[in-house]
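**Q** predicted model follows, preceded by the sequence.
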There are 2 protein chains.
Amino acid sequence: MAPHKTPDATRRSDRSRRAILDSALALVGEVGYPRTTIEGIAARAGVGKQTIYRWWPSKAAVLMDAFLDLSARQNAGGDGAQDPGQPEAGPGIPDTGDLAADLKLVLRATVDELNDPATAAPTRALTAEGIIDPVLGAQFTEKLLDPQMELYVTRLRAAQEAGEVRADVDPRTALELLIAPLMHRWLLRTLPLTHAYADQIVDHTLRGLSPRS
Amino acid sequence: MAPHKTPDATRRSDRSRRAILDSALALVGEVGYPRTTIEGIAARAGVGKQTIYRWWPSKAAVLMDAFLDLSARQNAGGDGAQDPGQPEAGPGIPDTGDLAADLKLVLRATVDELNDPATAAPTRALTAEGIIDPVLGAQFTEKLLDPQMELYVTRLRAAQEAGEVRADVDPRTALELLIAPLMHRWLLRTLPLTHAYADQIVDHTLRGLSPRS
């Protein structure tokens, strides 16, 4: 808490910040990234435009924070994955010694998040815009995707040390074999995204990465 | 050729059709799907709006044909994959008896296509719009993606019969393990898309799908 603020002012700030982030997510899910504006977010949140500009330099910055916040709240909901905003504080991907079980837990939680209508529309909107706009896409990858991918790298390195994954496998490639099929099916809506599919991905992929051959 | 048309009229029609499809692709790559209009395509192609409406009912229909045409021309360029518009006429994914080699050939060709600037911008624009708009997304999947995925299913079934892939593997899932990591890396620009990456995907995935264990 800033020392010059009264507790009431801090509570008002927190409420405004919460309203702004929620409004930004709702709006981008409804009208898409290009038609989301600072003015629109302010109106929906019931705050002045200047309140938003005091805390964020741009629309992209508000939305990036809104997604970081959403991701942190989802992870706090108990899916076992870590808050990407605070990589050193959370548990990361669990390490029970059973890599397949740990990955299935996390991929099933990802399936649930992607199938959650509150998450789906804003995530689709931001992903689609990042696909077209390389600058936004790079921010999206750096702030949201890279920290999550780093959790997979950490867990896969531990599995290599435990002899569950071959030492010559690049963890950075291995994690893409795990998460890309989920994202592909979800983004392109080729078939329903289910826990059974998440389990299949883990089983097939780990069989390919394991030292047995 | 329609019997009431002279050879000259047919040549003019072919030229107009070619100009419309090329203009549609160029325009969607430059300004995105939402800002591409029939008027804009007509102006760029040097034809009247009515010429376009005579052949296509909507902007989406023109673009879908433009992508089918692009895909057919790329495949005719010798990447070994099949024209998805004519599944029974082409060679499909080659079957030399060496599944890994055949898949590497096709995935490397896909890498080259995705890295081709002429293809990249319009493909990104259409993919992004399909991610947001479920109706366009379904058309995109049905007309462009499904026919290509069917080629993988056919090749993977042959590999199952040849004993190269386990009989209990669902080819529909297996093909996603192959193509999704390529698309994921390309769409989200996480790392450069290379032939070496295509080869790694094939090697890791086939190891996971093979009968040896």
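**A** Noted; the coordinates are in hand.

**Q** most centrally placed residue in chain A?
**A** For chain A, residue A:71 is the residue whose C-alpha lies nearest the centre (C-alpha atoms, centre = their mean; 4.9 Å).

**Q** you'd agree that one is up against residue A:144?
**A** Yes. Contact criterion C-beta atoms under 8 Å: residue A:71 and residue A:144 qualify, at 6.9 Å. C-beta coordinates here come from the backbone N, C-alpha and C atoms, glycine included.

**Q** low-confidence ranges in chain A?
**A** Along chain A, segments meeting pLDDT under 70 span A:1-5, A:77-91, A:213.

**Q** wait, residue A:134 touches residue B:188, no?
**A** No. With contacts counted by C-beta under 8 Å, residue A:134 stays clear of residue B:188, the gap being 10.9 Å.

**Q** gap between residue A:203 and residue B:31?
**A** 44 Å (C-beta to C-beta, to the nearest Å).

**Q** ok, residues contacting stretch A:55-72?
**A** A:17, A:20-22, A:24-25, A:28, A:33, A:36-38, A:41, A:52, A:83-86, A:119, A:122-123, A:126, A:136, A:139-140, A:143-144, A:148 (C-beta atoms under 8 Å, 6 or more residues apart in numbering or on different chains).

**Q** select only the buried ones of those residues in ChimeraX?
**A** The ChimeraX selection below is limited to those of those classed as buried (16 or more other C-beta atoms under 10 Å in any protein chain shown):
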select /A:17,20,21,22,24,25,28,33,36,38,41,52,83,84,85,119,122,123,126,136,139,140,143,144,148
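
**Q** need the nearest residue in space to the residue in chain A that chain B sits nearest to, chain neighbours excluded.
**A** Residue of chain A nearest chain B, by C-beta to the nearest C-beta: residue A:208 (2.8 Å). Closest residue to residue A:208 apart from its sequence neighbours, by C-beta to C-beta, 6 or more residues apart in numbering or on different chains: residue B:208 at 2.8 Å.

**Q** buried set for the helix or strand where the one you found lies?
**A** Using DSSP states H and E, residue B:208 maps to helix B:195-209. Buried residues in helix B:195-209, counting neighbours by 16+ other C-beta under 10 Å, are found at B:197, B:198, B:199, B:200, B:201, B:202, B:204, B:205, B:206, B:207, B:208, B:209.

**Q** ok, now which ones touch the residue nearest to the fourth one when sequence neighbours are not counted?
**A** Pointing back at residue B:200 there. The shortest distance from residue B:200 to any non-neighbouring residue, by C-beta to C-beta, 6+ apart, is to residue A:173 (5.4 Å). By C-beta under 8 Å, 6+ apart, the contact set of residue A:173 is B:181, B:197, B:200, B:201, B:204.

**Q** how much space separates the fourth one from chain A?
**A** Here the criterion is C-beta to the nearest C-beta, to the nearest Å. By it, residue B:201 lies 7 Å from chain A.

**Q** what about that residue, distance to residue B:137?
**A** The gap separating residue B:201 from residue B:137 is 24 Å, by C-beta to C-beta.

**Q** one step back: please identify which pair of the contacts of residue A:173 lies farthest apart.
**A** Using C-beta to C-beta, the two most remote members of the contacts of residue A:173 are B:197 and B:204, lying 10.7 Å apart.

**Q** may I see the buried residues of the longest helix belonging to chain A?
**A** Counting by DSSP state H, the longest helix found in chain A is helix A:7-31. Of the residues in helix A:7-31, A:13, A:16-17, A:19-29 count as buried by neighbour count, 16+ other C-beta under 10 Å.

**Q** same question, stretch A:140-156
**A** Going by neighbour count (16+ other C-beta under 10 Å), the buried part of stretch A:140-156 is A:140-141, A:143-145, A:147-156.

**Q** near chain B too, which of those?
**A** The subset of those within reach of chain B, by C-beta under 8 Å from any C-beta of the partner chain, is A:140, A:141, A:145, A:149.

**Q** kindly indicate which of those residues lies nearest residue A:113.
**A** When those are compared for distance to residue A:113 (C-beta to C-beta), residue A:145 wins out at 13.9 Å.

**Q** contacting residues for that closest one?
**A** For residue A:145, the contacting residues are B:188, B:190, by C-beta under 8 Å, 6+ apart.

**Q** separation between it and residue A:131?
**A** Separation of residue A:145 from residue A:131 (C-beta to C-beta): 13 Å.

**Q** joint contacts of the two?
**A** residue B:188.

**Q** any idea which element residue A:96 lies in?
**A** Assigned by DSSP H and E, residue A:96 belongs to neither a helix nor a strand.

**Q** ramachandran angles for residue A:96?
**A** phi -90, psi 0 (degrees, to the nearest 10).

**Q** helices of chain A, start to end?
**A** A:7-31, A:38-45, A:49-55, A:59-76, A:99-115, A:117-132, A:134-140, A:146-161, A:171-188, A:195-209.

**Q** how about those helices in TSV, adding distance to residue B:107?
**A** Converted to TSV, the helices of chain A look like this (distance: least, C-beta to C-beta, whole Å):
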stretch	distance to residue B:107
helix A:7-31	34
helix A:38-45	42
helix A:49-55	45
helix A:59-76	31
helix A:99-115	23
helix A:117-132	20
helix A:134-140	23
helix A:146-161	22
helix A:171-188	13
helix A:195-209	15
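
**Q** of all those, which lies closest to residue B:192?
**A** helix A:171-188 (12.0 Å).

**Q** picking that back up, residue A:48: which of the ones next to chain B among the buried residues of stretch A:140-156 is nearest?
**A** Using C-beta to C-beta, those come closest to residue A:48 at residue A:140, 27.7 Å.

**Q** how about the residue nearest to that closest one when sequence neighbours are not counted, what does it touch?
**A** Leaving aside its sequence neighbours, residue A:140 sits nearest to residue A:130 (C-beta to C-beta, 6+ apart; 4.2 Å). By C-beta under 8 Å, 6+ apart, the residues touching residue A:130 are A:136, A:137, A:139, A:140, A:141, B:188.

**Q** can you count the residues close to the second one?
**A** Same thing as residue A:137. 21 (other C-beta atoms under 10 Å in any protein chain shown).

**Q** just the last one next, same as before
**A** For residue B:188, the count of nearby residues is 20 (other C-beta under 10 Å).

**Q** if I pick it, what's in contact with it?
**A** A:127, A:130, A:131, A:137, A:140, A:141, A:145 are the contacts of residue B:188 under C-beta under 8 Å, 6+ apart.

**Q** and the furthest pair within the residues you listed?
**A** Distance extremes for these: the farthest pair is A:131 and A:145 at 12.6 Å, using C-beta to C-beta.

**Q** who touches residue A:196 in this structure?
**A** Listed by C-beta under 8 Å, 6+ apart, the contact set of residue A:196 is empty.
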